[in-house]
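>>> Let's see this in three dimensions:
(2 chains)
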Amino acid sequence: MKEKHKVNWEKAMPFLFILPCVGILLAISIFPLIYSLWLSFNSWELAMGFPPEFIGVGNYIRLFLEPRFWNAMLNTGRVLLFGVGSQFLIGLAIAILLDKLIRGRTLITTLFLLPMVIAPVVVGCTWRQIYHYEYGPLNYILRGVNLSAIPWLSNPNFSLSSVIIGDTWEWTPFMMVVILAGLQSIPEELREAAAIDGASNWKIFTHVLLPLLKPVIIVAILIRVMDAFKLFDLVVLLTQGGPGESSETITYYNYLVGFKHFSLGYAAALSYIQLVVIIVIANFFLRFLRERETR
Amino acid sequence: MMRKWLSKKDDYWIILIFAVIGFLLLIFLSPMLWMFLTAFKDRGEIFTYPPVFIPRKPDFYTFVHGLELGGAKGILDTTIIAGSCTLISLAVGALAAYSLARFRIGGKNLAFWILSVRMLPPIAVVLPLFIFYQSLRWLDTYQALIITNSVMNIPFAVWILKGFFEELPSDLEDSALVDGCNRFQAFSRISLPLVAPGLVATALFCFIFSWNEFLFALILTRSHVRPLTVVITSLIGGHEILWGEISAVGTMASIPVIALAIFLQRYLVRGLTLGAVKG
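Next comes the predicted model:
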């Protein structure tokens, strides 16, 4: 009798070990998301004190007809294209340089990583000072080389670019460190063999290193693409989405709708659209990881 | 493995590369340096043209004033939240990672499902949680932020630690089990100390993430709990922006994470490249 009890206990162990993790994740992310799916089919204007009212796909229709939603999507697209794009190119360039270092590489890499270690809120404060039209150091430098000062944050033509520059400064180190790790996992012999065969440095890079780096680059870009949808802190600190709606990103717009206007049903629909996009990207990502694990 | 410096020509290359890297590093660090210097400037030096780079009479007035304006409360609250969140994520994450690595529970699907929670957009998670916490009267409490941040950290902890447990041979535990230990003792006394580097890396990331977190903090707190990121943002909201104080609080908020990053650089790089680079 006692023996049987002990065996069961031992069999239950794996489940007991994983229970807290699965329990918390279900309770604090999955169930709330199921609730917000239901919410997205309701109209719930909390600010006016009405209870939720079922309206079917009304929120989604309203969303697709709303120019401000498309503007926010477009801005997020720009962040993806220009922000993640330049993070990749600059990160790649620095990684190639760091790969050539013989000593001091770890410390120098860590120093490059500092922008992404500090809080995005602090990054925002810092760049807000740097972008200051009258007293900021950036415009001081521009005036110094006889260019005109740029209204970085107050002109709708520049506001989103300013956010993107700050974001690029913060996240280029991530691209750099991932690509650097990829470069270092490539055996030195491969490069030497190519060099002995008479390949130029450029040929070695495009024909040997880049193909081997491809999986690393894909993973890094997918991670950053998912992050770009979450861009929020810098927008709050630098522009609050303005002037007008010129630098409003999708997360910031969602925040305004949900927590300034308190249109909870509409905000839930908006967050579900994002969720669908992220799930599609995440599926690519996970499938890719899986294939590499089984290889 | 040391690459040799073959010729004079290579020497020049190395010097050139060092120079370029030094220049780039300067560009990358100068915004942080600007904030650090601004913290020591007085009002006249902040609002002037041409801008003052080096403060003439550096003192700690802005730091003291910044602490009074909510910085002290911010440091306390953020420490409580980030510390508790790190402990919870480590405990829950280590148990789950061990189960996934040793018993292959749920196969690959469960592990990937856990990872996918990490990718959820925070704004989508926080909206229903806001309503949920409101009904529990948990808004503006420590536990709301601790649990919400933990949910974002646990998947990451599971994935780092799973890798470490998988590398560990099971022989040691098996002999401990034969010697009369139960599974939990084998886990806590044998395996856990052996994955200490993994625990350090996990703790580092969970701490930095919850230390810097802003969106949840902004939405789930009001006046009772005031994390640093919220305090800094509210300082900017005033009609007269106190850049000196903001920079001082920003500097104080950055020192712990920068120190951790430098002391634990090896773990930082390993954690960041997790998933992207095999092994």
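>>> only C-alpha atoms for contact and neighbour calcs from this point on.
Noted.
>>> what's the distance between B:I154 and chain A?
Separation of B:I154 from chain A (CA to the nearest CA, to the nearest Å): 7 Å.
>>> ok, the nearest residue to that residue once chain neighbours are set aside to A:P115 distance?
Excluding its sequence neighbours, the residue lying closest to B:I154 (CA to CA, 6 or more residues apart in numbering or on different chains) is B:S89, at 4.9 Å. Taking CA to CA, to the nearest Å as the measure, B:S89 falls 25 Å from A:P115.
>>> just checking, A:N155 touches A:G241?
No - if you go by CA atoms under 8 Å, A:N155 and A:G241 don't touch, sitting 11.8 Å apart.
>>> For the stretch 51-200 of chain A, what lies in contact range of chain B?
The stretch 51-200 of chain A comes close to chain B at residues A:94, A:97-98, A:100-102, A:106-107, A:110-112, A:114-115, A:117-122, A:125-127, A:129-130, A:134-137, A:140, A:169, A:174, A:177-178, A:181-182, A:185, as judged by CA under 8 Å from any CA of the partner chain.
>>> try 6 Å
A:I118, A:A119, A:V122, A:T126, A:Y135, A:V178 (CA under 6 Å from any CA of the partner chain).
>>> quick one: which two of the residues you listed are the most distant?
Within these, A:Y135 and A:V178 form the most distant pair, 36.5 Å apart (CA to CA).
>>> Among these two, which residue is more densely surrounded?
Neighbour totals were compared for A:Y135 and A:V178, and A:V178 leads with 25 against 19 (other CA atoms under 10 Å in any protein chain shown).
>>> Looking at the residues of the stretch 51-200 of chain A next to chain B, which are in helices?
A:V122, A:T126, A:V178 (DSSP state H).
>>> Strands of the stretch 51-200 of chain B, start to end?
Listed in chain order, the stretch 51-200 of chain B contains no strands at all (DSSP state E, counting those that start in this stretch).
>>> Around chain A, pick out the residues from it.
Counting by CA under 6 Å from any CA, the stretch 51-200 of chain B sits next to chain A at B:P51, B:V92, B:L95, B:A96, B:S99, B:A124, B:P128.
>>> quick one, what contacts the last one?
Going back to what we said before, that points to B:P128. A:P32, A:S36 (CA atoms under 6 Å, 6 or more residues apart in numbering or on different chains).
>>> how does it look with 10 Å?
A:28-29, A:31-37, A:39, A:264, A:268, B:134 (CA atoms under 10 Å, 6 or more residues apart in numbering or on different chains).
>>> now it: how far from B:D42?
Going from B:P128 to B:D42 by CA to CA gives 45 Å.
>>> Also the second one?
Separation of B:V92 from B:D42 (CA to CA): 47 Å.
>>> For those two, work out which one has more neighbours and name it.
A side-by-side neighbour count of B:V92 and B:D42, using other CA under 10 Å, places B:V92 first with 22 against 19.
>>> The more buried one touches B:F156, doesn't it?
No - the pair B:V92 / B:F156 is not scored as a contact, 11.3 Å apart, by CA atoms under 10 Å.
>>> okay, and the common contacts of the two?
Common contacts of B:V92 and B:F156 (CA under 10 Å, 6+ apart): B:S150.
>>> got the contact list for the residue in the stretch 51-200 of chain A that chain B sits nearest to?
Closest contact between the stretch 51-200 of chain A and chain B, by CA to the nearest CA, is at A:A119 (4.4 Å). Neighbouring residues of A:A119 by CA under 10 Å, 6+ apart: A:170, A:233, B:208-214, B:228-229, B:250, B:253-254, B:257.
>>> And it, what's its pLDDT?
On pLDDT, A:A119 comes in at 93.
>>> what are the phi and psi values for it?
Phi and psi for A:A119, reported as degrees, to the nearest 10, are phi -60, psi 140.
>>> same check, this time on the one 5 residues further on
For A:G124, the backbone dihedrals are phi -60, psi -50 (criterion: degrees, to the nearest 10).
>>> from memory it sits against A:L238, does it?
Yes - with contact defined as CA under 10 Å, A:G124 counts as touching A:L238 (6.0 Å).
>>> what touches both of the two?
A:V163, A:G166.
>>> neighbour count winner among these two?
A:L238 (27 against 23).
>>> For that one, list the residues it contacts.
A:121, A:123-129, A:131, A:152-154, A:159-160, A:162-163, A:166, A:247.
>>> One more: B:T79?
For B:T79, the contacting residues are B:K73, B:C85, B:F207, B:S210, B:W211, B:P227, B:L228, by CA under 10 Å, 6+ apart.
>>> again, only this time at 8 Å
B:W211 (CA atoms under 8 Å, 6 or more residues apart in numbering or on different chains).
>>> Same question for A:L19.
Contacts for A:L19 (CA under 8 Å, 6+ apart) come out as B:A96.
>>> Give the rounded mean pLDDT of the helix or strand encompassing A:E10.
Assigned by DSSP states H and E, A:E10 belongs to helix A:2-25. In this model, helix A:2-25 has a mean pLDDT of 76.
>>> and it, how far out from the chain's middle?
In terms of CA atoms, centre = their mean, to the nearest Å, the centre of helix A:2-25 is set 37 Å apart from its chain centre.
>>> Mind listing what's buried along that helix?
Using 16 or more other CA atoms under 10 Å in any protein chain shown as the test for burial, helix A:2-25 gives A:M13, A:P14, A:F15, A:F17, A:I18, A:L19, A:P20, A:C21, A:V22, A:I24, A:L25.
>>> Report pLDDT for B:L136.
pLDDT recorded at B:L136 is 89.
>>> Strands of chain A, start to end?
All strands of chain A, identified by DSSP state E, fall at A:42-43, A:53-54.
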